[in-house]
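> build me a structure from this.
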Amino acid sequence: MGKMRAVLCGYYGKGNGGDEALLASLLQMLPSHVTPVVLSGNPKQTRNRYKVESCDRMAPAQIWQALRRADVLIWGGGSLMQDATSAASPFYYGGLMGLAQQLGLKTVAWAQGVGPLQRHLTRAIAQRVFAGCSAVSVRDRASAALLLNWQIPCWLAPDPVWALDAIPVKGLWDLPAPRVAVTLRSHPQLTPARLDSLTRALVNFQKATQTCILLVPFQKSQDLAIAQSIQSQMSDASHIISLEDPRQLKGLFRGVEMAIGMRLHSLIMAAAEECRCFALSYDPKVSQLMAELEMPGWDLDRIPDDPNLICQSWLECYANGDALSPARIQSLVDRSLIHRDLLHQALSEGLGDRG
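Numbers count the residues shown, from 1 in each chain. Down below sits the predicted model:
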């Protein structure tokens, strides 16, 4: 079989551990006859980390050249087509997909989380570009329901990061045990008062459990300052662990007893490595994961004001909570490979097939 060139677009090279995990999962699942070219916010870093071709995601000339030399554009994964955090996202990805489709490239929407789409225009853009795709896979039922309402067929499977290969973190086992990982991110609903309550609860939780607290920024620009703020108030063992390789991020949770997390992929990684999890939801995608896995937690705007109540909930999860069973984890991993099957099916049909 001849070689096929695929341009990969997503929120890559922007320092977000979850999006990097999606890219690593996509590269892991690509058929061997496909040569990837990654649109990245940091092309040099992407080339060095993944040993792939990469170009600047915001450089029109480079994007144009990459598309003209490609056979397919793969758009994924994650919450790319949404206007909750930025109205610009649907225009960027919609424009890119529309250009690729006009050039006659095959377009594949992979492992998508669709929405929220609160504006009529962004919904119209989303509907049009999804309708023009050769194949679509989504990672949650709400996204599938929206596309089916638009009469766009799609494959539904758990997030592909369930199947991401994990690698060990050097020095992790030298840190005191037991360990609890905490991943918080900046958000309007994580007010200074709520962060103070969570921090005081974490201090009390550590005193009660004698655990080593690992503060894990998934995106330094949004998470590191919060981690530093929390650590400044911890009197016992705590460490800020910043990891660039998403496979190491997942591997970190192999050495952790419990995870307290806001970020979706921190919870997926932790659950996949048999950690007990407690979620703090800032987004429907996190709430959906909580419901699907029966994971304890709160929406951010419903966090108790009393740090003692927060601490008691965490102690209950730590002492009596259940991690996912190995059988259920394996089921989620196996079903997430549906995203791989979609790629193999969509990319096995004729090379250079410009419609």
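
> next, the buried residues of the helix or strand hosting residue 46.
Using DSSP states H and E, residue 46 maps to helix 43-50. Within helix 43-50, the residues that count as buried by 16 or more other Cβ atoms under 10 Å are 43, 45, 46, 47, 49, 50. C-beta: built from backbone N, CA, C; applies to glycine.

> buried residues, the longest helix anywhere in the chain. List them.
The longest helix of the chain (DSSP state H) is helix 192-209. Neighbour counts over helix 192-209 (16+ other Cβ under 10 Å) mark 194-195, 197-206, 209 as buried.

> got it, and stretch 148-155?
Along stretch 148-155, these residues count as buried under the neighbour rule (16+ other Cβ under 10 Å): 152, 154, 155.

> repeat for stretch 58-67
Quick answer for stretch 58-67 (16+ other Cβ under 10 Å): 62, 63, 66, 67.

> can you map out the helices along the stretch 251-355 of the chain?
Here the stretch 251-355 of the chain has its helices, by DSSP state H, counting those that start in this stretch, at 264-272, 284-293, 307-320, 326-336, 338-346.

> tell me which of the ones you listed is the most buried.
helix 264-272 (a mean of 28; mean count of other Cβ atoms under 10 Å).

> list every C-alpha atom in that helix, with coordinates, as CSV.
Extracted in CSV, the C-alpha atoms of helix 264-272 (Å, rounded to 0.1, in the frame of the first residue of the first chain):
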residue,chain,number,x,y,z
LEU,A,264,-11.2,15.7,32.2
HIS,A,265,-8.1,13.9,31.1
SER,A,266,-6.6,13.8,34.6
LEU,A,267,-9.7,11.9,35.7
ILE,A,268,-9.6,9.6,32.7
MET,A,269,-5.9,8.9,33.2
ALA,A,270,-6.3,8.3,36.9
ALA,A,271,-9.4,6.0,36.5
ALA,A,272,-7.5,4.1,33.8
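
> got the angle for it vs helix 284-293?
Angle of helix 264-272 versus helix 284-293, following axes from the mean of the first three to the mean of the last three Cα atoms, to 10 degrees, is 20 degrees.

> helices and strands around helix 264-272, which ones?
Packing partners of helix 264-272 (3 or more Cβ pairs under 8 Å, 6 or more residues apart in numbering; DSSP states H and E): helix 17-29, strand 179-183, helix 246-252, strand 258-261, strand 276-281, helix 284-293, helix 326-336.
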